[in-house]
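> coords below, sequence missing:
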């Protein structure tokens, strides 16, 4: 083994190793928390930031914290066939077909069964490569190989103005990502230079909150889109906006999953807001966050446990969102007791003189009925509606 006496680089290498050594400490970082929220929700996430700002370092720390392999793929130096797969002709292609061989990084992740694939320099990839990545990002399909469900997809990009041969992302590819803006905090960097960086903590989903969190998220998103139907799908006019987050049924489903994970894990409001806005875009996302702040839905599971003690909210949008959440909660854990409790809740809309608000929820709740269950008294106010819809042919 060489020493400083006979190899002038040995002492330099030792010094460099000491410089690279660092430790971590718990610290509040909304952008790191938003990233881990997207990873927990298993949604493809794209980090936008200037070169050298620490996007790759953040991913390395996240992978180390999760104890999963990280495969980095520089998208801009690959051909479309690297993602679509190279054809491998067998003995009888007319009978067996032609398989598309996956690249080595995909095979390693498939063998590991979990991990993170990190597509770097995405905005420098030409349109043909971006098109080949569509199936990889959405379906986790690389050639003839399907990546395991626990494999997460993360990408990074520089704004086209600062990217080498930068391109705007195509709308189909952009609409498959949650877009997060990656910035630097001078104080964090200064502390990092001293040897200490913030640690990455993944939000832990509480299994006891899962059903209620999904129901709350369904009620919130469904109520918002009922009030703002024009935001269900809106493709921006300019190329730059189309290459970022924008509202579509796909991204609203992303927002739903992010809200559900946020509710079930107790994630910070700032991190949840950043992730949701990154999914559906600035305009729709900011409207949704404002709506959620005013909504303040009660836990539907707690209401179903004691429906008589529940008072219907006075505002129509809150009534609609909450009744939708109640039906979703019943569907998530369907028992006769919970189904009957749901009718007690919906009956309060009749008592309040707003049966039309509960009409859709009543039809959905009736569709969950087991044919052996008797019709509860709370259904009386909806009988005509349910018989017209076919959800309840007869009493």
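Nice, thanks for sending it over. Everything quoted here is computed from the prediction, not taken from an experiment. Numbering: from 1, shown residues only.
> what helices or strands is whichever strand or helix holds residue 65 leaning on?
Assigned by DSSP states H and E, residue 65 belongs to helix 55-66. Here helix 55-66 touches helix 30-40, strand 70-74, strand 115-120, strand 151-157, going by 3 or more CB pairs under 8 Å, 6 or more residues apart in numbering; DSSP states H and E. Any C-beta I mention is one placed from the backbone N, CA and C, and that applies to glycine too.
> right, and these - which one's nearest residue 340?
Smallest distance to residue 340 across the helices and strands packed on helix 55-66 (CB to CB): 34.4 Å, for helix 30-40.
> any idea of the mean pLDDT for the closest one?
Computed over helix 30-40, the mean pLDDT rounds to 90.
> how many residues are close by the closest residue to residue 115 other than its chain neighbours?
In space, and not counting its chain neighbours, residue 115 is closest to residue 69: 4.1 Å by CB to CB, 6 or more residues apart in numbering. Using other CB atoms under 10 Å, the number of residues around residue 69 comes to 17.
> which residues touch residue 69?
For residue 69, the contacting residues are 63, 108-109, 112, 114-116, by CB atoms under 8 Å, 6 or more residues apart in numbering.
> just the buried ones among the residues you listed, please.
Under a neighbour-count criterion of 16 or more other CB atoms under 10 Å, the subset of the contacts of residue 69 counted as buried comprises 63, 109, 115-116.
> circling back: make CSV out of the helices and strands packed on helix 55-66 and add distance to residue 257.
What follows is these, written out as CSV (distance: least, CB to CB, whole Å):
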stretch, distance to residue 257
helix 30-40, 9
strand 70-74, 23
strand 115-120, 18
strand 151-157, 13
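> and of the ones you listed, who's closest to residue 374?
Each of these has some distance to residue 374 by CB to CB; the shortest is helix 30-40, at 41.6 Å.
> next secondary structure after the closest one?
Along the chain past helix 30-40, the next helix or strand (assigned with DSSP H and E) turns out to be strand 45-48.
> just checking: what are the partner strands of that next one?
Strand pairing for strand 45-48, using DSSP bridges, gives strand 151-157 (parallel), strand 178-181 (parallel).
> in the stretch 251-395 of the chain, where is pLDDT below threshold?
Scanning the stretch 251-395 of the chain for pLDDT under 70 picks out 378, 380, 383-395.
> tell me the most buried of the strands paired with strand 45-48?
With neighbours taken as mean count of other CB atoms under 10 Å, the strands paired with strand 45-48 reach their highest mean count in strand 151-157, at a mean of 25.
> tell me how far the residue nearest to residue 115 lies from residue 297.
39 Å (CB to CB, to the nearest Å).
> next: residue 190.
41 Å.
> who has more neighbours out of the two?
The neighbour comparison of residue 190 against residue 297 (other CB under 10 Å) goes to residue 297, with 21 against 9.
> and the end-to-end length of stretch 24-34?
For stretch 24-34, the separation between the terminal residues is 18 Å (CA to CA, to the nearest Å).
> ok, residues contacting it?
Applying CB under 8 Å, 6+ apart, the external contacts of stretch 24-34 come out as 58, 61-62, 180-183, 185, 188, 196-201, 203, 267-268, 270-272, 274-275, 278.
> run through who's touching the helix holding residue 65.
Surrounding helix 55-66, the residues in contact under the criterion CB under 8 Å, 6+ apart are 24, 32, 35-36, 39, 47, 49, 69-70, 72, 115-116, 118, 120, 154, 156, 182, 197, 199-202.
> give the buried residues for that helix.
Using 16+ other CB under 10 Å as the burial criterion, the residues of helix 55-66 that qualify are 55, 58-59, 61-63, 66.
> pretty sure residue 158 contacts residue 47?
No - counting by CB atoms under 8 Å, residue 158 does not reach residue 47; the two are 10.0 Å apart.
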